[in-house]
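Asks: What follows is a predicted protein model with its sequence.
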Amino acid sequence: MASNQPLFQPLPAVQPAPDTVSVQVDGAPVRMSRQASLAAGLLAAGVTAVRRSPVGGEARAPYCMMGVCFECLVHVDGVPNQQACLVVPQEGMRVQTLRSLAASESEGAHV
């Protein structure tokens, strides 16, 4: 290697777009990468609070992204308490945040 050659080379500026899927999140379509976790897709789409703390009611969001903290619990295709950080997004998947479920339950309680 010649001494005038740089040791590091920059990566190409244009990278292929990741393969995406459409996921229904609380009834709204959201496009996200199928190459990342559902939790990562939710965060990238701006969904930062997926549930509320049962103790103080504070908004909670995915935190550890590896299945340890259980802060990213959502309903996936009708199955409750799924860890979004361990779920791979699939085309047509229906996701309901526990935050939206709590809101709909509290609205029903006041009727």
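Replies: Everything's here; your move.

Asks: Where do the strands of the chain begin and end?
Replies: 20-25, 28-33, 51-52, 59-60, 73-76, 79-83, 94-97 (DSSP state E).

Asks: other SSEs contacting the second one?
Replies: Applying 3 or more C-beta pairs under 8 Å, 6 or more residues apart in numbering; DSSP states H and E, one finds that strand 28-33 contacts strand 20-25, helix 38-44. Where C-beta positions appear, they are placed from N, C-alpha and C, glycine not excepted.

Asks: try the fourth one
Replies: For strand 59-60, the elements it packs on are strand 51-52, judged by 3+ C-beta pairs under 8 Å, 6+ apart.

Asks: The strand it packs on - which strands sit beside it in the sheet, and in what orientation?
Replies: Note on strand 51-52: by DSSP bridges, its sheet partners are strand 59-60 (antiparallel).

Asks: from the chain's centre, how far out does the partner strand sit?
Replies: Chain-centre distance of strand 59-60: 14 Å, with C-alpha atoms, centre = their mean, to the nearest Å.

Asks: Touching stretch 71-82 from outside, list them.
Replies: For stretch 71-82, the external contacting residues (C-beta atoms under 8 Å, 6 or more residues apart in numbering) are 38-39, 42, 50-51, 60-65, 83-85, 87, 93-98, 101.

Asks: Hmm, Leu98 and Ala59 touching each other?
Replies: No: the criterion here is C-beta atoms under 8 Å, and Ala59 misses it with Leu98 at 10.7 Å.

Asks: what touches both of these two?
Replies: Residues touching both Ala59 and Leu98 (C-beta under 8 Å, 6+ apart) are 51-52.

Asks: So for those two, which residue has more residues nearby?
Replies: The neighbour comparison of Ala59 against Leu98 (other C-beta atoms under 10 Å) goes to Leu98, with 19 against 11.

Asks: For the more buried one, which non-adjacent residue is spatially closest?
Replies: Spatially, and ignoring its direct neighbours in sequence, Leu98 is nearest to Arg51 (3.7 Å; C-beta to C-beta, 6 or more residues apart in numbering).

Asks: Show me what the one you found bridges to in the sheet.
Replies: With DSSP bridges as the rule, Arg51 is bridged to Arg60.
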